[in-house]
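Colleague: return a 3D structure for these sequence lines:
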Amino acid sequence: MIWRTMWRIVVHKAETYRWEFIVALIYTLVSVLSAYVFWGAMTRSGGTIPGWTLKDLVFFALVADFALYLDTLLFAFIPTSGMIRRGELATILTKPGDLWMVIFPQRVGAEDVIATAAKGVLVAVIGVTIGYSIANIAVGFTLILAGAIIDNLVYSVLMYLNFFIGDARPILRAFDMVWGYGRDYPVDAYKKSLLYWAMIVIVPIYFVTTLPMHAIMGLTDKYVLLIPVLIAVWLIIARALWTIGLKRWEAYGG
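Modeller: Coordinates of the predicted model:
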């Protein structure tokens, strides 16, 4: 039973019911097949991303899918102002259970951790099977974790703007739109454009998908040196905004 459940969860981005198993499996297969058809057509027509083979581009789709899964899992551990409205914090503070849901609005269950780990193992096995080294995959997965931390810190900073401007949803939507570009395609495809630098500095999807894939491919990436700097900078900013924001809202609550 547990293995069937793990597999059912792994083959889709979100947990599915048993009667959705076939649909979820088809969805995943179609997604990978679509990547193969798309990149295959590009390489056959003479166009490609410098340094990337067809195998790299197709496996990138699997790596990005796992990265999205891990990134979403980590998001549950970030204190968020997204469920708070002005004047409500004082009331919420009188109900510990409600406060818990504000700080951790997406509770993580054992099945979420199992599904994420199982998806990672599945992607790793596929990677070794098609020729990538275990060492490079291990480094790549470690970088995915580091990139997900950076990405969630930046996203939390944007969410904390709710404390000061009332509604940060337009900014968050723009963030998600740019994030999607780096999830669907390697950021290397946008070189020599402002979007390329935006996905490194402002919307750090580069560190979640492309940089880890570089490591899996055995490439040296100078931007790996920015990881500790970005984590430190965004952590300081996020911590400051959260602390100041809570004080402002406590004042509103009386």
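
Colleague: tell me which residue is most central in the protein.
Modeller: With distances taken as C-alpha atoms, centre = their mean, residue 71 lies nearest the centre of the chain, 3.3 Å away.

Colleague: quick check: phi and psi on that residue?
Modeller: With angles defined as degrees, to the nearest 10, residue 71 sits at phi -60, psi -40.

Colleague: leaving aside the residues next to it on the chain, what's closest to it?
Modeller: residue 148 (4.2 Å; C-beta to C-beta, 6 or more residues apart in numbering). Every C-beta, even on glycine, is put in place using the N, C-alpha and C of the backbone.

Colleague: and the gap between the one you found and residue 135?
Modeller: 21 Å (C-beta to C-beta, to the nearest Å).

Colleague: do residue 233 as well
Modeller: To residue 135, residue 233 is 30 Å away according to C-beta to C-beta.

Colleague: same check on residue 154?
Modeller: Counting by C-beta to C-beta, the gap from residue 154 to residue 135 is 29 Å.

Colleague: the residue nearest to residue 71 is in what secondary structure piece?
Modeller: Residue 148 is part of helix 134-159 when elements are defined by DSSP states H and E.

Colleague: chain center to the very next helix or strand once past that helix, what's the gap?
Modeller: Proceeding N to C from helix 134-159, the next assigned helix or strand is helix 162-165, under DSSP H and E. Put simply, helix 162-165 sits 24 Å off its chain's centre (C-alpha atoms, centre = their mean, to the nearest Å).

Colleague: residues of helix 162-165 that come out buried?
Modeller: 162, 163 (16 or more other C-beta atoms under 10 Å).

Colleague: and for stretch 137-151?
Modeller: Neighbour count says stretch 137-151 has 137, 139, 140, 141, 143, 144, 146, 147, 148, 149, 150, 151 buried, by 16+ other C-beta under 10 Å.

Colleague: now the helix or strand containing residue 124, how far from the chain's geometric center?
Modeller: Here residue 124, judged by DSSP H and E, is contained in helix 110-129. In terms of C-alpha atoms, centre = their mean, the centre of helix 110-129 is found 15 Å from the chain centre.

Colleague: quick one: mean pLDDT over it.
Modeller: When pLDDT is averaged along helix 110-129, the result is 82.

Colleague: packing partners for that helix?
Modeller: Applying 3 or more C-beta pairs under 8 Å, 6 or more residues apart in numbering; DSSP states H and E, we find helix 110-129 packed against helix 2-10, helix 54-75, helix 134-159.

Colleague: let's see 10 Å
Modeller: Helices and strands touching helix 110-129, by 3 or more C-beta pairs under 10 Å, 6 or more residues apart in numbering; DSSP states H and E, are helix 2-10, helix 54-75, helix 134-159, helix 210-216.

Colleague: could those helices go into JSON lines alongside mean pLDDT?
Modeller: What follows is the helices and strands packed on helix 110-129, written out as JSON lines (pLDDT from 0 to 100):
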{"stretch": "helix 2-10", "mean pLDDT": "51"}
{"stretch": "helix 54-75", "mean pLDDT": "87"}
{"stretch": "helix 134-159", "mean pLDDT": "92"}
{"stretch": "helix 210-216", "mean pLDDT": "96"}
